[in-house]
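1. Could you look at this predicted model? Sequence included:
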Amino acid sequence: MASFQARLKLIVVFLLCILVSGIALADGATLTWAQLSNEQQQVLNPLASEWDTLRPWQREKMLDIARDYPKMSLAKQDLVQKRLTNWSRMTPYERENARKNHHQFQSLSAEKKSELRKKWMEYQQLPESERARLRAESPDTYTDAELN
């Protein structure tokens, strides 16, 4: 009898764990575009057409951005909108390259990151004609990626 009760308790705990896990996932990872709030849809609008195809971890990340958006400065909000728009226009191949570049950049030392940021700012200050010339000479080095 005690063995049956122990098993029953174990089964109940197991089922509760499954139920709680399902509730946690339903918080955001499984929400369809139509289930998002108006505020979330406004912030994430560049991703509207592809929202329902995003992976759960991608949806969670985007929902985190939407949650923090009202607390951001206007400049930061503009940057987020620009990046979401650029991201939504990328092909899967371009997105994978962007992820790889981001991971490579994050693995650099603070000094190297600072140096690259400085070079990027110098590049941004060049006239468009000079940037076009540099891109033509070294297409693998100079891309139109937003590195802000």
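-> Structure's in. What do you need? Numbers count the residues shown, from 1 in each chain.
2. Gln125 and Ala132: what is the separation?
-> Taking C-beta to C-beta, to the nearest Å as the measure, Gln125 falls 15 Å from Ala132. All C-beta atoms are positioned from the backbone trio N, CA, C, and that covers glycine.
3. Model confidence for Leu25, exactly?
-> At Leu25, the pLDDT value in this model is 46.
4. got it, and the one 4 residues further on?
-> Note on Ala29: pLDDT of 69.
5. Could you do Leu10 as well?
-> At Leu10, pLDDT is 54.
6. Surely Thr30 touches Leu54?
-> No. If you go by C-beta atoms under 8 Å, Thr30 and Leu54 don't touch, sitting 11.0 Å apart.
7. of these two, who's got more company?
-> More crowded of Thr30 and Leu54, by other C-beta atoms under 10 Å: Leu54, with 16 against 11.
8. so the more buried one sits right up against Leu47, yeah?
-> Yes. Using C-beta under 8 Å, Leu54 makes contact with Leu47 at a distance of 7.2 Å.
9. what residues are shared contacts of those two?
-> Met62 (C-beta atoms under 8 Å, 6 or more residues apart in numbering).
10. Please name the residues that touch the closest residue to Met72 other than its chain neighbours.
-> Setting aside the residues directly before and after it, Met72 is nearest to Val80 in space (C-beta to C-beta, 6 or more residues apart in numbering), at 6.8 Å. Going by C-beta under 8 Å, 6+ apart, Val80 touches Val43, Ile65, Tyr69, Met72.
11. now do Lys61
-> Counted by C-beta under 8 Å, 6+ apart, Lys61 has zero contacts.
12. Tell me the helix or strand right after the helix or strand hosting it.
-> Assigned by DSSP states H and E, Lys61 belongs to helix 56-68. Next helix or strand after helix 56-68 toward the C-terminus (DSSP H and E): helix 74-89.
13. name the helices or strands packed onto the helix or strand hosting Glu130?
-> Element membership for Glu130, per DSSP H and E: helix 128-137. Packed against helix 128-137 by the contact rule (3 or more C-beta pairs under 8 Å, 6 or more residues apart in numbering; DSSP states H and E) you find no helix or strand.
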